[in-house]
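>>> let me see the structure of the following:
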Amino acid sequence: MRQLAIVGFLAITLAACSPSGSPQTSRAPVTDTYHEVAVTEDYRWLEDWDDPQVRSWSDEQNRYARTILDGLPHVSEIRSRIAEILEAESAIYFGLSWHEATLFAIKRQPPKQQPFLVALTSPDDTASERVIVDPNAIDPTGGTTIDWYVPSPDGALVAVSLSKGGSESGDLHVVDAGTGDSVEEVIPRVNGGTAGGDLAWTTDGSGFFYTRYPRSGERADEDLSFYQQVWFHRLGSAQDDDRYELGDDFPRIAETRLQTDSSSGRLLATVQYGDSGRFEHHLREPDANWRRLTRYEDQIVQARFAPDGSLFLISRFDAPKGKLLKLDHDLRTISEAETIVDESSDTIVHDFYGSSPMVVTSSRVYLTYQLGGPSTIRSFDHRGAPQAGPDVLPVSSVGQIVPLPGDVILYSNRSYLQPPAWYRFDPGKGSTETTALVVESPVDFSDTEVVRETATSKDGTEVPLTVLRLKGTELDGSNPTLLTGYGGFGISLRPRFEPLARTWIEQGGVVAIANLRGGGEFGEAWHQAGMLTNKQNVFDDFAAAMQHLIATGYTSEDLLAIRGGSNGGLLMGAMITQHPARCRAVMSAVGIYDMLRVELSSNGAFNIPEYGSVKEPDQFQALYAYSPYHNVADGTSYPAVLFLTGANDPRVDPMQSRKMTARLQAATASGHPILLRTSDDTGHGGGTPLNARIDELTDVYAFLFNELGVEYGD
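Here you go, the predicted model:
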């Protein structure tokens, strides 16, 4: 497929700087042919991070970015305000689980650099809290983070995955929940950046099943981030005695999650095909034999055991917004599952990554429903009859649901203007109560309002748009406006409390969030309308949101900034190349820009079900048509752009940002800066220490304020 056309570096004449004033980047053309289409690029050489020339180039880009960013107006005042907000001492609790009268939680408590694992006797008694695992004590540099944890059934032990430097490459530690002391040998490589990892204890707590990546020598080096398997470890035994359980016949890009049925000891392995949203389920019976319970084509997207051993399943078979099935405790075949809650006009939420939007208690099922951005909880009995449910805030999002004894639940709830809090719902009392796990806001949003609007996309699709603005904001086109979106992988942009939004709003700015196709706001049909060869719809939706904010008088082209990360970074790249005059500034973090080579990265292989592959002619045509890197045009007046990436990013290869930066710097005719900020000790964002977050966000806000002409503090 590749035709060799490499020009050696020594044959290239270098200038001191590019037309944009940024460092000059050497060109070394390479031509590939895809389905008889020849594609030439100049910056292939920037892909190889092991090349000293690439590292030198990255260092020079960082130096150039610092000369611009450090000289911006009001940097110290902006840093002070951001630090004041992010270092506010109110704690946030998340990732809760209840085991034998103990509530485990991850706690973020500034000024500590990393969240840490704690245990409480009650959600109403924070004084009972004790620390179990504190990465800040383990690693005073702030570089170590908790990926996930799983307590044993009796709460006496906790299995914890720890990783460093934002790599998400996690090693498993088993600790005593009372003392925090390690009690087992560390098991390496249980968690990865894209496929993640998981663990499930046996019902008697004598051992656990865990996900395991290949060790060096077991597979080729390029496959060490793939081929996840399930293994078993018995407490007190040597790691070399661990037993293989499942996964030899899984796809290369399998992503696996585990759960144990407390009543029977069965183990359920949920296996996703890459990031496709397609799942199959494998059941380990009490006799230790495995059998496949569902296949991809069954379209079961979530399964949860009930206390009696029956299984509740969210199905999208002939129901793109989801329906609820029940399979009795014998769990014979999926064909015997009964539909107990039919598809409705709202979407049943599922989450492969652990937020527990569905919980089954003694006699109830609690389901999270997506309402086009906001979400809510609805309650049913085990026969599917609707029951009274908990209260939620208006225009808010429901996070994790945690079952307590009986039918009582804890759940997190937050809105754009109200910080997260944990609430208790007791159906026996019919009451919703606030627990002691409440975040105190470091800012005041009493002068701010939330407005829900719609923008009309190119094909007539109505796209939800949420606007945060000061009460009484004049729609005269004079408001600095910051718009964000995502649009991919069935992920919904839900209301979330962002105290840093206050930094923008208190300067008279407007913040807007677009719910684009490709997300899950309106079910699987909404997702599919923005994936594979339909991806252009996502970009059209966001362009419509930009145009709506301009046409309705919120802002103008010169006062509009846009931001996005990861898949949202791809969105930013498409806006830069497709609508360069519609906004003044762009912040794009850990983004994907070269859509023809992304699948060759280990992380990108997991994304093929969402984006497609150049190996398929129709998918290649779609990818090439919108690939930001390949659609940069010389001599175009591009907006100011700040690219962010982390050298240890396991989810999006940082070479994406390097190549896009080089191409834009060479092409732009606007004179606006094109900057690349690379952090050497962070990754995709997870595990970033507090101080590093403050530094990064100071750069972002100072850059955007300056480019939009906002005189900070006036």
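
>>> domains for this structure, by residue range?
For the chain, automatic domain parsing gives the domain ranges 2-84+443-707, 348-441.

>>> which one of these lies closest to residue 203?
Closest to residue 203 of the domains of the chain is domain 348-441 (Cβ to Cβ; 16.6 Å). All C-beta spots, glycine's among them, are computed from the backbone N, C-alpha and C.

>>> just the terminal-to-terminal distance for that closest one.
30 Å (Cα to Cα, to the nearest Å).

>>> ok, back up a step: mean pLDDT added to the domains of the chain, as TSV?
Below are those laid out as TSV (pLDDT from 0 to 100):
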stretch	mean pLDDT
domain 2-84+443-707	94
domain 348-441	96
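
>>> pipe those domains into TSV and attach mean neighbour count and distance to residue 98 per row.
Output for the domains of the chain, formatted as TSV (neighbours: other Cβ atoms under 10 Å; distance: least, Cβ to Cβ, whole Å):
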stretch	mean neighbour count	distance to residue 98
domain 2-84+443-707	20	24
domain 348-441	19	6
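
>>> make JSON lines out of these and add distance to residue 246.
Converted to JSON lines, these look like this (distance: least, Cβ to Cβ, whole Å):
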{"stretch": "domain 2-84+443-707", "distance to residue 246": "19"}
{"stretch": "domain 348-441", "distance to residue 246": "17"}
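
>>> let me know which of the ones you listed is the nearest to residue 201.
domain 348-441 (15.7 Å).

>>> and the closest residue to residue 94 other than its chain neighbours, what helix or strand is that in?
Spatial nearest neighbour of residue 94, excluding adjacent residues (Cβ to Cβ, 6 or more residues apart in numbering): residue 106 at 5.4 Å. If you go by DSSP states H and E, residue 106 is part of strand 102-108.

>>> that older thread, residue 321 is nearest to which of the domains of the chain?
domain 2-84+443-707 (3.7 Å).

>>> quick one: distance of that closest one to the chain centre.
15 Å (Cα atoms, centre = their mean, to the nearest Å).

>>> coming back round to it: same for the strand holding residue 106, what does it pack against?
strand 92-99, strand 116-120, strand 144-151 (3 or more Cβ pairs under 8 Å, 6 or more residues apart in numbering; DSSP states H and E).

>>> ok, the spatially closest residue to residue 579 that is not a sequence neighbour - contacts?
Nearest non-adjacent residue to residue 579, counting by Cβ to Cβ, 6+ apart: residue 543, 5.3 Å away. Neighbouring residues of residue 543 by Cβ atoms under 8 Å, 6 or more residues apart in numbering: 458, 575, 578, 579, 582.

>>> the last one against residue 546, yeah?
It refers to residue 582. Yes: at 5.1 Å, residue 582 and residue 546 qualify as touching, with contact defined as Cβ atoms under 8 Å.

>>> spit out the residues that contact the two alike.
In contact with both residue 582 and residue 546: 560, 575, using Cβ under 8 Å, 6+ apart.

>>> re earlier: next one: the residue nearest to residue 94 from residue 93, what distance?
Distance of residue 106 to residue 93, given as Cβ to Cβ, to the nearest Å: 7 Å.

>>> which of these two has more residues huddled nearby?
Taking residue 106 and residue 93 together and counting by other Cβ atoms under 10 Å, residue 93 has the greater number of neighbours (26 against 19).

>>> quickly list what's touching both of residue 106 and residue 93.
residue 118.

>>> distance of the nearest residue to residue 30 once chain neighbours are set aside from residue 124?
Spatial nearest neighbour of residue 30, chain neighbours left out: residue 44 (4.4 Å); criterion: Cβ to Cβ, 6+ apart. According to Cβ to Cβ, residue 44 and residue 124 sit 59 Å apart.

>>> bridging residues for residue 589?
residue 565, residue 644 (DSSP bridges).

>>> so it sits against residue 570, correct?
No: using Cβ under 8 Å, residue 589 is not in contact with residue 570, being 11.3 Å away.

>>> shared neighbours, these two?
Common neighbours of residue 589 and residue 570 (Cβ under 8 Å, 6+ apart) are residue 564.

>>> quickly list what residue 415 is bridged to.
Bridge pairing for residue 415 - DSSP bridges - gives residue 396.

>>> can you offset everything so residue one is 90?
Okay, residue one is now 90; in that scheme the one you just asked about reads as residue 504.

>>> need the contact list for it.
482, 483, 484, 485, 486, 539, 584, 586.

>>> pull the most distant pair out of the residues you listed.
Every pair of those checked by Cβ to Cβ; the farthest is 483 and 586, at 13.7 Å.

>>> before we move on, back to that, angle of the strand holding residue 195 against strand 233-240?
Relative orientation of strand 191-197 versus strand 233-240 (axes from the mean of the first three to the mean of the last three Cα atoms, to 10 degrees): 160 degrees.

>>> strand partners (parallel or antiparallel) of strand 191-197?
For strand 191-197, pairing defined by DSSP bridges yields strand 181-188 (antiparallel), strand 205-209 (antiparallel).

>>> would you mind measuring from residue 134 to residue 685?
Residue 134 is 16 Å from residue 685, by Cβ to Cβ.

>>> over to residue 730?
For residue 730, the distance to residue 685 - Cβ to Cβ - is 21 Å.

>>> ok but residue 414 is inside a strand, no?
Yes: counting by DSSP: H, G, I helix; E, B strand; the rest coil, residue 414 is located in a strand.

>>> so residue 394 makes contact with residue 357?
Yes: contact status for residue 394 versus residue 357: in contact at 7.0 Å, counting by Cβ under 8 Å.

>>> what sits in contact with each of those two?
348, 349, 350, 400.

>>> residues contacting the first one?
Going by Cβ under 8 Å, 6+ apart, residue 348 touches 289, 356, 357, 359, 393, 394.

>>> out of those, who's the most crowded?
Top of these by neighbour count (other Cβ under 10 Å): residue 356, with 25 neighbours.

>>> which non-adjacent residue is nearest that one?
In space, residue 356 is closest to residue 373, 4.0 Å off (Cβ to Cβ, 6+ apart).

>>> tell me the spacing between that neighbour and residue 485.
Relative to residue 485, and taking Cβ to Cβ, residue 373 is found at 38 Å.
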